[in-house]
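Enquirer: Kindly generate the corresponding structure for this input.
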Amino acid sequence: MNVWNDLLGNIAVLVISTSLWTFGQERLPKMNLRLRSFIFGSAMALGTFCVMLLPFQFLPGVLLDLRYAFIAVAGFFGGPFAVAVPMAVAAVRRIMLGGTGVWVGIPQIFAAAAAGLVAHYLGRGRIPTTIAIATFSLAVAASGVIGFFVMIPMDRWPTVMPDVVAPFSALLFCSAFITAKAISHELRRQKAMAENRMFRSVIEALPDCLNAKDLEGRFLIANPATALLMGAKDAQALIGRSDFDFYPHEAATEFRQDELDFLRAGRAVTIEQRFKRTDGVSTWLSTLKAPLWDESNAIVGVITHNREITDQKSIEQELARTQRRLADAIASMADGFAMFDQDGLQVFCNAHYQQLFPKTADVRTTGTSMRTIIKAAIERGEEVAVISDFEAVIERSFAALTTPGDRQMLLADGRWINARTRSTEEGGCLIVYSDITKIKEADSHLRSLNQRLEAMARTDGLTGLLNRRAFDLELEACAGKSGQQTFSLLMIDVDHFKSYNDTYGHPAGDECLRIISACIRTTIQSYASSVAARYGGEEIAVIVPRAGAQEAQVIASLLASAVRSLDIPHIGSDKSHVTVSIGVATRSRPSRKTAKELLLEADQCLYAAKAAGRDCVMSAGNVAQPNLSSRSRRP
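Expert: Residues are numbered from 1 along each chain as shown. As a prediction, this is how the structure comes out:
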């Protein structure tokens with residue numbers, strides 16, 4: 001049985017089942033939640049049945065499949081009505097198959113279902129996050145391998161863990177994670193589509209004009225109210241055209257100049273525009289212009305909100321001062337904003353400002369002092385608690401909020417708020433509050449991704465050890481440290497590895513290297529700051545800081561013994577199993593050996609170990625050092 005072909009069959013069933021559900025569920029007619037969950041469970045049950053027809057063999061007599069991923073995903077996203085179907089199918093099929101593992105397989109099926117249901121109820125109907133999906137996937141992986149520890153004697157656990165349990169649990173984790181991630185992505189997409197439809201309906205129903213233009217002043221989108229104001233047949237007739245196609249040239253020129261002024265400023269502004277229509281009627285518009293950003297945070301257009309205020313202009317003189325305050329406050333309608341006078345008393349705010357601070361919304365009202373608001377925020381636990389100098393903290397916060405500029409605040413609930421302050425004509429200040437939590441999270445995620453990319457660039461894809469480039473940097477760093485720190489270099493070569501590849505095939509050879517690499521990594525992890533890297537082919541290099549010659553000899557012997565204890569069969573070796581030869585080189589203070597010299601010395605010792613019959617350790621202390629700088633590469 002070819003494990004990879006059968007494994008690919010399981011994965012193919014997983015991908016097809018997930019794809020069919022994600023692409024087909026939108027086409028299902030409207031139905032109640034229980035029936036929809038039952039249909040989802042039926043789809044997962046079909047996938048469960050299919051993978052149980054395609055078991056893959058990890059070891060002789062050990063047949064596995066991905067049924068647990070289907071069962072758990074059904075419970076995770078569909079609840080009890082969904083998980084019942086694949087759980088029943090898996091249980092009946094497993095009983096029909098029989099065998100000694102049936103009474104272990106059945107509890108594992110229930111364990112997978114339980115993992116899915118627990119995750120379902122903890123999620124409480126929300127679309128799961130990546131952390132929640134990862135936690136769920138770990139539970140699925142555990143549910144699928146717990147039976148091995150029941151069926152298999154304890155003395156075989158060290159063999160079964162790396163050969164069966166670890167890879168199978170990793171496979172279960174990946175399959176559950178990818179499936180759950182795909183379904184959650186589809187749920188988010190459907191939610192976004194529903195919200196987009198709702199927003200579109202709201203925009204079209206607005207009595208005010210709302211539109212967006214590109215940098216050349218051409219309409220990208222417009223609502224019916226805009227078409228009515230401009231005398232167009234409908235909103236679609238505006239797309240691709242500009243104000244010059246509908247307004248008199250003089251008015252269109254003024255509008256375009258306002259847009260150019262706004263683009264130079266690069267921030268939201270509210271202006272009043274007066275013009276004459278083609279029928280000669282003088283009209284006033286209150287216009288809010290905001291930047292249209294693309295994904296790279298570059299301005300690609302202008303969003304305009306027009307409201308006709310012709311009838312209101314007759315009382316403009318009475319409301320002049322109020323109008324100035326409102327014009328300043330409306331500058332950033334999308335965020336919370338508040339205005340304070342020269343004495344620090346709040347004179348205006350919008351609803352979003354109070355929504356950003358729910359614990360103190362009742363005190364963030366007209367006439368309240370900013371100091372009182374800050375004090376209430378600290379006392380009620382909205383802002384981070386103050387241990388000492390309570391009054392001094394209030395004064396510092398007051399001074400920071402009333403000084404023009406930006407200030408970022410971390411609230412007690414974990415949200416980040418950016419407070420942007422600017423002065424008003426009367427000596428007060430206008431503060432725009434923006435929730436930048438997602439921006440902070442995105443920045444943190446980007447840093448995490450960069451760290452992961454850096455780690456990938458340093459890692460050998462086959463063995464998981466450092467790659468050659470990273471090893472060279474580590475060795476140069478050790479060799480170049482001030483004070484000439486003592487450290488040792490071990491060069492390890494898998495004996496008769498070409499013969500192993502010829503006998504068992506390159507995939508088996510790759511797996512052999514993985515196992516040996518894991519063994520070496522585990523063995524040296526107790527030595528602080530030690531480094532293991534794939535030097536090339538079947539060669540592995542180990543750097544052990546602060547290890548002298550005797551300690552390095554002991555470590556090398558431990559490594560050779562650890563590999564030998566793996567007992568990997570090798571009929572092409574006179575040892576009958578896979579062994580390694582190790583050459584040891586040490587730089588002790590005050591030696592000034594360079595990295596190149598140390599490498600050459602370790603290489604010479606390794607050559608001597610192979611010449612001495614392999615499966616042994618040689619160091620500079622027990623081997624003559626010929627000049628090998630010009631010899632050909634050892635066999």
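Enquirer: Quick check, residue 287 in contact with residue 272.
Expert: Yes: between residue 287 and residue 272 there is a contact under C-beta atoms under 8 Å: 7.1 Å. C-beta here means a position set from N, CA and C on the backbone, and glycine is covered the same way.
Enquirer: Neighbour count: those two, which is higher?
Expert: Per other C-beta atoms under 10 Å, whichever of residue 287 and residue 272 has more neighbours is residue 287, with 20 against 13.
Enquirer: bridging residues for the more buried one?
Expert: Note on residue 287: beta-bridge partners residue 271, residue 306, judged by DSSP bridges.
Enquirer: and the gap between it and residue 433?
Expert: As judged by C-beta to C-beta, to the nearest Å, residue 287 and residue 433 stand 24 Å apart.
Enquirer: Kindly state the domain boundaries assigned to this protein.
Expert: 3-200, 206-316, 335-440, 458-622 (automatic domain parsing).
Enquirer: ok now the third one, how far from the chain's centre?
Expert: In other words, domain 335-440. 32 Å (C-alpha atoms, centre = their mean, to the nearest Å).
Enquirer: repeat for stretch 86-105
Expert: 37 Å.
Enquirer: for stretch 237-245, same thing?
Expert: 42 Å.
Enquirer: And the helices in the stretch 401-550 of the chain?
Expert: 437-457, 468-480, 497-504, 506-524, 549-566 (DSSP state H, counting those that start in this stretch).
Enquirer: Not counting its own residues, what contacts stretch 210-229?
Expert: For stretch 210-229, the external contacting residues (C-beta atoms under 8 Å, 6 or more residues apart in numbering) are 203-204, 206-209, 232-235, 237-243, 256, 259, 263, 292, 299-306, 308.
Enquirer: Correction: the previous question concerned stretch 132-140.
Expert: Contacts for stretch 132-140 (C-beta under 8 Å, 6+ apart): 68-69, 72, 76, 112, 115-116, 118-119, 122-123, 128, 172-174, 176-177, 180-181, 184.
Enquirer: how does it look with 7 Å?
Expert: Outside stretch 132-140, the residues that touch it by C-beta atoms under 7 Å, 6 or more residues apart in numbering are 68-69, 72, 76, 112, 115, 119, 123, 172-173, 176-177, 180-181, 184.
Enquirer: One more: stretch 366-385?
Expert: 340, 344-347, 357, 359-360, 363-364, 386, 394, 397-398, 401, 410-412.
Enquirer: for it, which positions count as buried?
Expert: Under the neighbour-count criterion of 16 or more other C-beta atoms under 10 Å, stretch 366-385 has 368, 370, 372-378, 382-383 buried.
Enquirer: can you check stretch 201-211 too?
Expert: Result for stretch 201-211 [16+ other C-beta under 10 Å]: buried residues 203, 208-211.
Enquirer: same check, this time on stretch 579-593
Expert: In stretch 579-593, counting by 16+ other C-beta under 10 Å, buried: 579-587, 593.
Enquirer: Give me the residues contacting it.
Expert: Contacts for stretch 579-593 (C-beta under 7 Å, 6+ apart): 484, 486-495, 548-549, 552-553, 556, 559-560, 563-564, 573, 598, 601-606, 608-610, 614-620.
Enquirer: so what's residue 451 up against?
Expert: Applying C-beta under 7 Å, 6+ apart, no residues contact residue 451.
Enquirer: any idea how far it is from residue 533?
Expert: 19 Å.
Enquirer: and residue 246, how many neighbours?
Expert: For residue 246, using other C-beta under 10 Å, the count is 19.
Enquirer: In this structure it contacts residue 230, no?
Expert: Yes: assessed by C-beta atoms under 7 Å, residue 246 is found in contact with residue 230 at 4.3 Å.
Enquirer: quick revisit: just give me the closest of the contacts of stretch 132-140 to residue 523.
Expert: Comparing the contacts of stretch 132-140 against residue 523 with C-beta to C-beta places residue 173 closest, at 25.7 Å.
Enquirer: what's near enough to touch that closest one?
Expert: 137-138, 140-141.
Enquirer: Next: residue 436.
Expert: 416, 418.
Enquirer: thinking again about what came up before, let me have the domains of the chain in TSV, adding distance to residue 446 and mean pLDDT as columns.
Expert: Formatted as TSV, the domains of the chain follow (distance: least, C-beta to C-beta, whole Å; pLDDT from 0 to 100):
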stretch	distance to residue 446	mean pLDDT
domain 3-200	15	77
domain 206-316	13	82
domain 335-440	10	87
domain 458-622	19	90
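Enquirer: JSON lines for those domains, including distance to residue 447?
Expert: Formatted as JSON lines, the domains of the chain follow (distance: least, C-beta to C-beta, whole Å):
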{"stretch": "domain 3-200", "distance to residue 447": "16"}
{"stretch": "domain 206-316", "distance to residue 447": "17"}
{"stretch": "domain 335-440", "distance to residue 447": "11"}
{"stretch": "domain 458-622", "distance to residue 447": "17"}
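Enquirer: which stretches of the stretch 351-500 of the chain form strands?
Expert: 405-410, 416-423, 429-435, 487-494 (DSSP state E, counting those that start in this stretch).
Enquirer: Just name the most buried of those.
Expert: strand 487-494 (a mean of 26; mean count of other C-beta atoms under 10 Å).
Enquirer: And that strand, what does it pack against?
Expert: Packing contacts for strand 487-494, counted by 3 or more C-beta pairs under 7 Å, 6 or more residues apart in numbering; DSSP states H and E, involve strand 539-545, helix 549-566, strand 580-587, helix 595-611.
Enquirer: right, so of those, which gets closest to residue 505?
Expert: Closest among the helices and strands packed on strand 487-494, using C-beta to C-beta: helix 549-566, at 18.6 Å.
Enquirer: starting at the chain centroid, how far to the closest one?
Expert: 39 Å.
Enquirer: helices or strands next to it in the packing?
Expert: strand 487-494, helix 506-524, strand 580-587, strand 617-619.
Enquirer: What pairs with the third one, parallel or antiparallel?
Expert: So that's strand 580-587. Counting by DSSP bridges, strand 580-587 is paired with strand 487-494 (antiparallel), strand 617-619 (parallel).
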